[in-house]
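>>> give me coordinates for this.
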Amino acid sequence: MSVEIKISLNEGIYLKDPQDSPLGRNIIKHSILLIEDVGFEGFNFKKLAQEIGSTEASIYRYFENKHSLLIYLVSWYWEWVAYLIKINTINIDNPKKKLEIIIHTFVSASVDDPSTEYVDENKLHSVIIAEGTKAYRTKEVDEENGKGIFKHYKQLITMVAAVILEIKPTFEYPYALASNLFEMSNNHIYFAKHLPKLTDIELEKNIYSEVEKMLNYFAAKLLD
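Next up, the predicted model:
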């Protein structure tokens, strides 16, 4: 029997943590499925309420608006990736090997995990690729950043930047490289699926090994 994992997130993102109740977990589960299906613009709490057989008012007890819900989902994913990196590198001392594992984690975090029954990581990954930047590319980003809303992303990038500096202490742009590796892992999957002229990557049945190869190539060139 698997142990269910709870991801700890900034309390400023939600009104009531949805992970702590069956209704809340249902909100998370079906919001991922619905956003993946209709897109963030077409998503609203009325449609979500219909999906879960509840009321809009019940959803508003957990989230102030759909933007807050998207931030929650994106933050959950960032923290999930960080958790996987920590688990996968726990006994690894070689920093180059660590970075390879990190890059692999970036492109493979979409594998569904039974220990998070209310989150379909594969569907969430699709949401992150298509909608994730909408969580922070907004007019309110500076105000929300001041409240620590995006700390999970910054912690993830700081973790990766530290490994980059282990490899090459004199490297001048560790945070830029760390964030670019993460963003590229998502952007080029999106480009390959929808805007193929913007990438050299070709996907085969959602297998992302070519993306992983490209990221390792760039990292090696910059850190040699």
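>>> for this structure, list the residue farthest from the centre, please.
Thr170 (29.0 Å; C-alpha atoms, centre = their mean).
>>> which of the three states applies to the spatially most central residue of the chain?
For the chain, the residue sitting closest to the mean C-alpha position, by C-alpha atoms, centre = their mean, is Tyr77 at 3.3 Å. Secondary structure, DSSP: H, G, I helix; E, B strand; the rest coil: Tyr77 is helix.
>>> I figured it was touching His125, is that so?
Yes. Between Tyr77 and His125 there is a contact at 7.5 Å, judged by C-beta atoms under 8 Å. No exception for glycine: its C-beta is placed from N, CA and C like everyone else's.
>>> which residues do those two both contact?
Ala109 (C-beta atoms under 8 Å, 6 or more residues apart in numbering).
>>> using CSV, write down the CA coordinates of the helix or strand that contains Val160.
Assigned by DSSP states H and E, Val160 belongs to helix 151-167. The C-alpha trace of helix 151-167 is given here as CSV (Å, rounded to 0.1, in the frame of the first residue of the first chain):
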residue,chain,number,x,y,z
LYS,A,151,8.9,31.0,-3.8
HIS,A,152,8.6,27.4,-4.9
TYR,A,153,9.8,28.2,-8.4
LYS,A,154,12.7,30.2,-7.0
GLN,A,155,13.7,27.4,-4.6
LEU,A,156,13.7,24.9,-7.4
ILE,A,157,15.9,27.2,-9.6
THR,A,158,18.2,27.9,-6.7
MET,A,159,18.6,24.2,-6.1
VAL,A,160,19.6,23.6,-9.8
ALA,A,161,21.9,26.7,-9.8
ALA,A,162,23.8,25.3,-6.8
VAL,A,163,24.5,22.1,-8.8
ILE,A,164,25.6,24.1,-11.8
LEU,A,165,28.1,26.0,-9.6
GLU,A,166,29.3,22.7,-8.2
ILE,A,167,30.2,21.7,-11.8
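>>> pLDDT averaged over the helix or strand just after it - what is it?
Remark: after helix 151-167, the chain's next helix or strand is helix 174-194, criterion DSSP H and E. Averaging pLDDT along helix 174-194 gives 94.
>>> please apply the same query to stretch 151-159.
Rounded mean pLDDT across stretch 151-159 is 96.
>>> same deal with stretch 12-25?
Mean predicted lDDT for stretch 12-25 stands at 95.
>>> next, the distance between the ends of that stretch.
18 Å (C-alpha to C-alpha, to the nearest Å).
>>> show me the contacts for Leu9.
So Leu9 contacts Asp17, Tyr72, Ser75, Trp76, Glu79, His152 (C-beta under 8 Å, 6+ apart).
>>> can you check Ile7 too?
Applying C-beta under 8 Å, 6+ apart, the residues near Ile7 are Gln19, Trp76, Glu79, Trp80, Tyr83, Thr116.
>>> next one: Glu131
Contacts of Glu131 (C-beta under 8 Å, 6+ apart): Ile35, Gly39, Phe40, Leu70.
>>> ok, of the residues you listed, which come out buried?
Ile35, Phe40, Leu70 (16 or more other C-beta atoms under 10 Å).
>>> mind checking the SS state of the first one?
Which is Ile35. helix.
>>> quick check: it touching Leu124?
No. The pair Ile35 / Leu124 is not scored as a contact, 9.2 Å apart, by C-beta under 8 Å.
>>> who touches both of those two?
Leu73.
>>> ok, the nearest residue to Ser108 once chain neighbours are set aside - contacts?
Closest residue to Ser108 apart from its sequence neighbours, by C-beta to C-beta, 6 or more residues apart in numbering: Tyr208 at 7.1 Å. If you count contacts by C-beta under 8 Å, 6+ apart, Tyr208 has them with Val107, Ser108, Ser185, Ile189.
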